[in-house]
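Undergrad: Here is my input; please provide its structure:
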Amino acid sequence: MRRQACLSLCCILAPSLLPRAGRGQELIAGWEGDRLGGYAFASTLVSVGLGSHHALVLVGSGSYLYYSFPDSGGLTEVASPGVSAAVGYRLHTQRMSATLSAAYEVRRTWERPAVLPSTRRTGPGVAAEGELWLQATPLTVVDAIVSYSDANRYLWARSGLQRQLTNTHFQRPVALGVGVEGTVQGDRDVRAYEAGVVIALEFVRTDGSLQVRTGYARLQYSDQTSESKPYFGVALYRAF
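TA: Purely as a prediction, here's the structure:
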């Protein structure tokens, strides 16, 4: 099956949004994809303190994956909503946050070929994720995240660097940041290698952000064919 790899971001905590160390609750939502399909997600995370630098994290997530791929009879359309619940451990300081999580995920998939009857299947499975956020300087942030979903046997990893360009003295409520990112993801059907840029509005006083990302992806399919295409995304983050 030819999956559109840049759409299938099968993560526990919703990818590439930067965690703020020490906050009790986080809300994350977004979409990423292209003209042929996309991946929408929403997550809520609650952090329970276990000491000055340690916390238990509880996560609930919902997502909706949709894409199409060419098959022998024409174009096959796929829609796959899913939900997951996760528990993890977070180590945090003022300038760093590292999180390890494990989740149970259930994904319902509808597949509609061009000529054959439609099929439905439910795929439960476990998922695992590791995440790192580091404030290298007061204006520069480095982040990395990797996850694996057993429900559809999908690996996803992304790292990035972001620099704050405005409001460098943190006196105004909004700051503009620009960054770069690289992503590797895929399964046995397809692998994708992506590089892109991120433009972020950081809401300093309310501890939130709005991110817009775009870039280019190189897809390699199991039948040895390949293609290149742009990707786009938008994401919201809010900590309390």
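Undergrad: By mean pLDDT, point me to the weakest helix or strand of this structure.
TA: strand 54-71 (a mean of 86; mean pLDDT, DSSP states H and E).
Undergrad: tell me the helices in this protein, going along the chain?
TA: Under the criterion DSSP state H, the chain carries no helices.
Undergrad: Tell me, how many residues neighbour the nearest residue to residue 191 once chain neighbours are set aside?
TA: Using Cβ to Cβ, 6 or more residues apart in numbering and skipping the chain neighbours, the partner closest in space to residue 191 is residue 220 (5.0 Å). Every C-beta, even on glycine, is put in place using the N, C-alpha and C of the backbone. Using other Cβ atoms under 10 Å, the number of residues around residue 220 comes to 15.
Undergrad: contacting residues for residue 220?
TA: 186, 190, 191, 192, 193, 226 (Cβ atoms under 8 Å, 6 or more residues apart in numbering).
Undergrad: okay, and for this protein, where does confidence drop off?
TA: Within the chain, the set of residues satisfying pLDDT under 70 comprises 1-23, 70-71.
Undergrad: got the residue ranges for the strands in it?
TA: Applying DSSP state E to the chain gives strands spanning 25-34, 37-49, 54-71, 74-92, 96-112, 119-137, 140-149, 154-164, 174-186, 190-203, 208-221, 226-239.
Undergrad: May I have the beta-bridge partners of the closest residue to residue 232 other than its chain neighbours?
TA: Using Cβ to Cβ, 6+ apart and skipping the chain neighbours, the partner closest in space to residue 232 is residue 214 (5.1 Å). Taking DSSP bridges, one obtains residue 197, residue 232 as the residues bridged to residue 214.
Undergrad: What is the neighbour count of residue 214?
TA: Neighbour count of residue 214, defined by other Cβ under 10 Å: 14.
Undergrad: next one: the one 3 residues further on
TA: Residues near residue 217, counting by other Cβ under 10 Å, number 21.
Undergrad: From the chain's centroid, how far away is stretch 115-130?
TA: Averaging C-alpha positions (Cα atoms, centre = their mean, to the nearest Å) puts stretch 115-130 18 Å from its chain's average.
Undergrad: ok, and for it, which residues are buried?
TA: By neighbour count on 16 or more other Cβ atoms under 10 Å, the buried set for stretch 115-130 is 123, 125, 127, 128, 129, 130.
Undergrad: How about stretch 96-107?
TA: In stretch 96-107, counting by 16+ other Cβ under 10 Å, buried: 96, 97, 98, 99, 101, 103, 105, 107.
Undergrad: Distance to residue 81 added to those, as CSV?
TA: Shown next, in CSV, are the buried residues of stretch 96-107 (distance: Cβ to Cβ, whole Å):
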residue, distance to residue 81
96, 34
97, 29
98, 30
99, 25
101, 21
103, 16
105, 11
107, 7
